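kindly generate the corresponding structure for this input.
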Amino acid sequence: MNLNSPIFDKIRVKPKVGQPVRVEAAGPPCEHPGCDKLGEHRAPKGRLREGQYYCFCIEHVREYNATYNYFKGMTDDDVASFQKDAVIGHRPTWTMGAREGDQGFAAGTATGTPDPMGPFRRARRRAGTPPPTSRVNIAARRSLATLGLDESADAQTIRARYKELVKRLHPDANGGDRSQEEKLREIIHAYKQLRSAKLA
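Down below sits the predicted model:
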């Protein structure tokens, strides 16, 4: 094997003495017009171009970020709709409980288990227990109890009771007494649950 072969000259690790050392750029160039620095910092290209980035130097990425607006060109209603959908990751959702027009769920147990063939219904008939007739679920019952009402309360009664309790417990209405704030929070939460269940 000849170590003085010209082939081995081409794969030397160390440069020859006096030969200039070539340094490769450590990244892409800055994409700002007229800038010759390295583009070490990524900046998003914007809405509808997710996953795509510009490469800028530190000065130009700061300049770009100071003026960046993801919602540019959208109306206020579009922005509000986008933010609302962002809470659930922009995926479709359905209300919990029985779906309208779905016989399988409507015929199911009290927990909402699908019952397309009716075995749970037949088992209740055999046991002699009537199917549940309550118009409210457990969470709604708890919320009604928090307001001091029972299942027979209608929407108008629930609203009137809520207003009465808020007026009585709110710190602005009782001379700044903040000792009832926790109870007030419970009442507000209970009322929101009743409204989401379409009972108030």
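
any idea how many residues pack against residue 142?
If you count neighbours by other CB atoms under 10 Å, residue 142 ends up with 12. C-beta: built from backbone N, CA, C; applies to glycine.

over to residue 138?
Residue 138 has 9 nearby residues by other CB under 10 Å.

equivalent analysis for residue 177, please.
Counted with other CB under 10 Å, the neighbours of residue 177 add up to 11.

contacting residues for it?
residue 171 (CB atoms under 8 Å, 6 or more residues apart in numbering).

ok, the closest residue in space to residue 44 that isn't next to it in sequence to residue 157 distance?
Ranked by CB to CB, 6 or more residues apart in numbering and with sequence neighbours excluded, the top spatial neighbour of residue 44 is residue 53, at 5.9 Å. Taking CB to CB, to the nearest Å as the measure, residue 53 falls 58 Å from residue 157.

ok, now residue 188?
18 Å.

so where is the chain shaky, pLDDT-wise?
1-3, 5-16, 18-26, 96-135 (pLDDT under 70).

can you give the domain ranges for it?
If you go by automatic domain parsing, the domain ranges for the chain are 27-73, 101-133, 138-196.

nearest to residue 4, of those?
Of all the domains of the chain, domain 27-73 sits nearest to residue 4, with 38.8 Å by CB to CB.
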